[in-house]
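**Student:** Let me see the structure of the following:
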Amino acid sequence: MLIEVRVKPNARASLLTQSDDGRWVAQLKAAPIDGKANAELVALVAERFGCRRSAVSIASGASGRIKRIRIDVDPA
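**Tutor:** I've put the predicted structure just below:
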């Protein structure tokens, strides 16, 4: 599965929400320094979709605010 997420770093709380048009927005506490925000985003997505962190990866946009996130879902 592939989702597109707009990231807002330096937020008061970490949240991952889906808007009415189907877009995802992630508010992250971490600053975009040394990959901390990306690591927090991966953990937040894994928690939201109920999978392991190793199943979540950033497919594109690692240094931008709009990221494409790949979630490997087990076909069980």
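**Student:** now for whichever helix or strand A26 is part of, which elements pack on it?
**Tutor:** Secondary structure assignment for A26, by DSSP states H and E: strand 24-27. Helices and strands in packing contact with strand 24-27 are listed as strand 2-8, strand 15-18, helix 36-49; criterion 3 or more CB pairs under 8 Å, 6 or more residues apart in numbering; DSSP states H and E. Glycine gets a C-beta too; all of them are placed from N, C-alpha and C.
**Student:** mind running it again at 7 Å?
**Tutor:** Using 3 or more CB pairs under 7 Å, 6 or more residues apart in numbering; DSSP states H and E as the contact criterion, the elements in contact with strand 24-27 are strand 2-8, strand 15-18.
**Student:** any idea how far the shortest one is from the chain center?
**Tutor:** Relative to the chain's own centre, strand 15-18 is displaced by 9 Å; criterion: CA atoms, centre = their mean, to the nearest Å.
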